[in-house]
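> Need a 3D model of the following:
(2 chains)
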Protein chains: 2
Amino acid sequence: MALNKKPVHGMRDILPEEMEIREYVQSVIRDTYRQFGFTTIETPCMESIANLTSKQGGDNEKLIFKVLKRGEKLNVAQAATEEDVVDFGMRYDLTVPLVRYYACNAANLPSPFKALQMGSVWRADRPQKGRYRQFMQCDIDIFGEPSNLAEIELILATTTTLGKLGFKGFEIRINDRQILKAMAAYSGFAQDAYDSVFITLDKMDKIGLDGVEAELLEKGFDKNCVDKYLTLYQELARQEDGVAYLADTLKDVLEPEVSEGLQEIISSVNATKTADFKLVFDATLVRGMSYYTGTIYEISMPQFGAACGGGGRYDRMVGKFTGQDVPACGFSIGFERIILLLMENGFKVPGQPKKMAYLVEKGVGGQTLCEIIAKAQAARREGSQVLVARMNKNKKFQKEQLTAEGYEEFVEFYRETLKN
Amino acid sequence: MALNKKPVHGMRDILPEEMEIREYVQSVIRDTYRQFGFTTIETPCMESIANLTSKQGGDNEKLIFKVLKRGEKLNVAQAATEEDVVDFGMRYDLTVPLVRYYACNAANLPSPFKALQMGSVWRADRPQKGRYRQFMQCDIDIFGEPSNLAEIELILATTTTLGKLGFKGFEIRINDRQILKAMAAYSGFAQDAYDSVFITLDKMDKIGLDGVEAELLEKGFDKNCVDKYLTLYQELARQEDGVAYLADTLKDVLEPEVSEGLQEIISSVNATKTADFKLVFDATLVRGMSYYTGTIYEISMPQFGAACGGGGRYDRMVGKFTGQDVPACGFSIGFERIILLLMENGFKVPGQPKKMAYLVEKGVGGQTLCEIIAKAQAARREGSQVLVARMNKNKKFQKEQLTAEGYEEFVEFYRETLKN
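Below you'll find the model as predicted:
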């Protein structure tokens, strides 16, 4: 009965070397976020299929691993559609479960509630290099904080963590959905066209100003609107202080609180940050998820093409569960990308204990074995990592393997005499 | 569109207070096992349904959460049975995935390979108080170590961990499947009756010697066999050294290596242990899983009726995947039970940082806000946990909530003057 040795398609086993780095990164994340007052929470990996298909998840809702009903509720032979045989699904992100958690437990949670989540999510995507169907997400979120203190704390906590992991010289780009909308309104686009305009704008870094212009025209938008819109972006590129420029230019369509709040986030973070990075305004930043209602931000790493994390404000999602909106703001680190970057750069976990291997010849037992183990126990109490193992026939190969695993000191014990 | 606020049936959200204890326990487990040379590994939460239904999992195979096929592979309308619509399943334990992992990755793993796994498993059991359909398991396993050094290291590592968590005065009971078999053989039971005899024997602690006798006779076993079997257990209860007694009595049906090996485990562990517990021989210990081939052991906590963890040797499971057997031995801690015990006893996580809350009046911004945040950042650098939050309208209630969360110091900042 030969079984299948491989992990299921698109998922993977994690080897000890990578696990060591993952655990270290998780502990840095946990300790740093805790210093900012975030508390860890956990939700089940499964959610009811109704919650997962409520249109909060965008395209991710097409990628759900669905869970079969059980017992009497299941009748495969008579079922006509998926709905007949499925009741749960694997979560595709940590945001929908968090919002459900908050709606369910709000009475027992403080205000503001600052949550840290590290957990696996599943997406039945086409597997690619470095992209798997089960992967870790790491989110922080603040519920019940309407002011921009939420954004400031989220950005400081995230960047302090990245700094402790050795990342530097990166950028956080920030924008606000209300600025995006005001720019579109100012240019004369109709409100129901905004989403389509933003989808094209989102390609700015790939296709440039000319590409955006061509695509907007191709979509059939009025040439005057498109010209006015792009002139705004051209002007903006020439400004020292883009937010101030827009506050003035868009004053008829943009609340002053929005630009003032954004200015305050940028100046507070840049004045109090501990990591080596810059928080900059970028009016081309769109971010896909339609649930964002205010600020949006993204981490740009020079070493990495795509974004390495991001987030924003989503003040109207809790209301979907409870009927009453609660201010909410989050920041997600691209955990798997960060691990990949660290691995590629040969990252070594700092502060590891001394690793010793005691190799015991076959047949050593009784009182002698007791003494060997007592010795190992004493070394462990002093903080060393001690492996006690039988000596293999091919001792040389065994020591080579252990050396590759980081063992620095070998002690060999034989039947006749105890050589050290 | 009101969504479902509750977690899916039988699963649960974990609140911050419990999470803090869970994370602490996990860190103690990880650090302690690492000192014994165990390395953490991780496998996907899903396995192919064929691997999960290969008869290694016993009754757990009836409790699998099954995952629906996706895309073109799925045709619900034409499906007749579950097999037609399912390809993966959620793992119900960490042993089957570990064995698959070892079979898949052995070429890149050292010998012996000492693995630590902490991960969720899923069982579609009837939910009960304190028993959920998603729960954490915590296993250590050693592959490639045929000698009893494996058992000694597993028991020492597990008990050292329990000791660090404050558990004391507990017992580890140990037995060997080969002793169980030899006792049955000596009493005259037929080999194919062993499993049935052991199922009854397993109830000894509940129904006593008389109950076991009655049930064996009821099952139709020969009275002479039953008498001889129970006399053996009665004799054993009178012995100082049960293993020595059995080694002598069963010498025609029991290899001397088995009893000698067991003696050595008991004496080595009791001589070198760091926690306050006793390792004792118990010939009535059976343990359910049919895959065990040698030693078996279980943690008995006086505070807890049922076992709080256990394990044993299973030398013939890797061969199911690879065709070639590899010595294997494991020990699983009852993670959820341990958390429950700690919570019930009001356990407090030691070494927590000082928790301070900065409450900032609405409207405080600009340079003043910068200064407040800079102050918080400085306190964080010195190791404190600092929450910076807007002052709620009901400040008294906010402070009460935060006090309940462990915040000890409050600093309030107002628009007009900065009072400290």
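> what residues are up against the nearest residue to residue A:143 once chain neighbours are set aside?
The shortest distance from residue A:143 to any non-neighbouring residue, by Cβ to Cβ, 6 or more residues apart in numbering or on different chains, is to residue A:113 (4.5 Å). From N, CA and C alone the C-beta is placed, and that goes for glycine too. Neighbouring residues of residue A:113 by Cβ atoms under 8 Å, 6 or more residues apart in numbering or on different chains: A:102, A:106, A:142-144.
> gap between residue A:113 and residue A:332?
For residue A:113, the distance to residue A:332 equals 17 Å [Cβ to Cβ, to the nearest Å].
> Contacts for the lowest-mean-pLDDT helix or strand in chain A next, please.
Confidence across the helices and strands of chain A bottoms out at helix A:318-322, with a mean of 85, counting by mean pLDDT, DSSP states H and E. The contact list for helix A:318-322 (Cβ under 8 Å, 6+ apart) reads A:54, A:56, A:99-100, A:102-103, A:106, A:143, A:324-326, A:328, B:1-3, B:5.
> Generate a ChimeraX selection restricted to the buried subset of those residues.
Of the contacts of helix A:318-322, the buried ones can be selected in ChimeraX as follows, counting by 16 or more other Cβ atoms under 10 Å in any protein chain shown:
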select /A:54,56,99,100,102,103,106,143,326,328 /B:3,5
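> Quick check: which of the contacts of helix A:318-322 has the minimum pLDDT.
The member of the contacts of helix A:318-322 with the lowest pLDDT is residue B:1, and it reads 52.
> which ones are touching the residue of the stretch 301-420 of chain A at minimum distance from chain B?
Using Cβ to the nearest Cβ, the closest approach of the stretch 301-420 of chain A to chain B is made by residue A:387 at 3.2 Å. By Cβ under 8 Å, 6+ apart, the residues touching residue A:387 are A:355-358, A:402, A:407, B:36-37, B:114.
> Swap in 10 Å and give it another go.
A:355-359, A:376, A:402, A:405, A:407, A:410, B:35-39, B:110, B:112, B:114, B:153 (Cβ atoms under 10 Å, 6 or more residues apart in numbering or on different chains).
> and what of residue A:366?
Per Cβ under 10 Å, 6+ apart, neighbours of residue A:366: B:260, B:263-264, B:267-268.
> Narrow those to just the buried residues.
B:263-264, B:267-268.
> Which helix or strand contains residue A:196?
helix A:194-201 (DSSP states H and E).
> What helices and strands are in contact with that helix?
Counting contacts by 3 or more Cβ pairs under 10 Å, 6 or more residues apart in numbering or on different chains; DSSP states H and E, helix A:194-201 packs against helix A:177-187, helix A:204-218, helix A:223-238.
> Would you check how far apart the residue nearest to residue A:19 when sequence neighbours are not counted and residue B:31 are?
The shortest distance from residue A:19 to any non-neighbouring residue, by Cβ to Cβ, 6+ apart, is to residue B:40 (4.4 Å). From residue B:40 across to residue B:31, the span is 11 Å (Cβ to Cβ).
> Between these two, tell me which one has more neighbours.
When residue B:40 and residue B:31 are compared for neighbours, residue B:40 comes out ahead with 20 against 14, by other Cβ atoms under 10 Å in any protein chain shown.
> Determine the three-state secondary structure at the residue of the stretch 301-420 of chain A closest to chain B.
Three-state assignment for residue A:387 (DSSP: H, G, I helix; E, B strand; the rest coil): strand.
> Okay, helices next: where are they in the stretch 301-420 of chain A?
A:318-322, A:335-344, A:366-381, A:395-404 (DSSP state H, counting those that start in this stretch).
> Serialize the ones you listed to a markdown table and add fields for distance to residue B:205.
Listed next are the helices of the stretch 301-420 of chain A as a markdown table, based on distance: least, Cβ to Cβ, whole Å:
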| stretch | distance to residue B:205 |
| --- | --- |
| helix A:318-322 | 47 |
| helix A:335-344 | 46 |
| helix A:366-381 | 31 |
| helix A:395-404 | 43 |
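> Just name the most buried of those.
Most buried of the helices of the stretch 301-420 of chain A, by mean neighbour count (mean count of other Cβ atoms under 10 Å in any protein chain shown): helix A:318-322, with a mean of 20.
> Buried among the contacts of residue A:387? Need that as a selection in PyMOL.
Command for PyMOL, covering only those of the contacts of residue A:387 found buried under the criterion 16+ other Cβ under 10 Å:
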select buried, (chain A and resi 355+356+357+358+359+376+402+405+407) or (chain B and resi 35+36+37+38+39+110+112+114+153)
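> Cross the contacts of residue A:387 against strands and list the overlap.
Taking DSSP state E, the ones among those that sit in strands are A:355-359, A:410, B:39, B:114.
> Residue A:128: neighbour count?
Neighbours of residue A:128 using other Cβ under 10 Å come to 8.
> again with residue A:252
Neighbour number of residue A:252 under other Cβ under 10 Å is 8.
> what sits against it?
Contacts of residue A:252 by Cβ under 10 Å, 6+ apart are A:182, A:185-186.
> Tell me which helix or strand it sits in.
If you go by DSSP H and E, residue A:252 is not part of any helix or strand.
> how much space between it and chain B?
Using Cβ to the nearest Cβ, to the nearest Å, residue A:252 is found at 24 Å from chain B.
> one step back: show me the one of the helices and strands packed on helix A:194-201 that comes nearest chain B.
Chain B sits nearest to helix A:177-187 of all the helices and strands packed on helix A:194-201, at 18.1 Å, using Cβ to the nearest Cβ.
> quick one, the closest one and helix A:223-238 angle?
With axes from the mean of the first three to the mean of the last three Cα atoms, to 10 degrees applied, the angle from helix A:177-187 to helix A:223-238 works out at 130 degrees.
> and helix A:177-187, what does it pack onto?
Against helix A:177-187 (3+ Cβ pairs under 10 Å, 6+ apart) you get helix A:194-201, helix A:223-238, helix A:242-249, helix A:256-272, strand A:295-300, strand A:309-313.
> Go again with 7 Å.
In this structure, helix A:177-187 makes packing contacts with helix A:194-201, helix A:223-238, judged by 3 or more Cβ pairs under 7 Å, 6 or more residues apart in numbering or on different chains; DSSP states H and E.
> Checking the spatially closest residue to residue A:50 that is not a sequence neighbour next. Helix, strand or coil?
Residue nearest to residue A:50 in three dimensions, not counting chain neighbours: residue B:4, with 6.0 Å by Cβ to Cβ, 6+ apart. On the three-state scheme (three-state DSSP), residue B:4 is labelled coil.
> Run a quick check on residue B:4 versus residue A:49, I expect a contact.
No - taking contact to mean Cβ atoms under 7 Å, the distance of 9.8 Å between residue B:4 and residue A:49 leaves them out of contact.
> tell me how far stretch A:166-179 is from the chain's mean position?
15 Å (Cα atoms, centre = their mean, to the nearest Å).
> Spit out the contact partners of the residue in the stretch 1-150 of chain A that chain B sits nearest to.
For the stretch 1-150 of chain A and chain B, the shortest gap (Cβ to the nearest Cβ) falls at residue A:37, measuring 3.2 Å. Residue A:37 makes contact with A:114, B:385-387 under the criterion Cβ atoms under 7 Å, 6 or more residues apart in numbering or on different chains.
> ok, back up a step: between the contacts of residue A:252, which is closest to residue A:193?
For those, the residue nearest residue A:193 by Cβ to Cβ is residue A:185; the value is 10.6 Å.
> What is the burial count for that closest one?
Neighbour tally, residue A:185, other Cβ under 10 Å: 16.
> how about the nearest residue to it, chain neighbours excluded?
Looking at residue A:185 with Cβ to Cβ, 6+ apart, the closest residue is residue A:253, at 4.6 Å.
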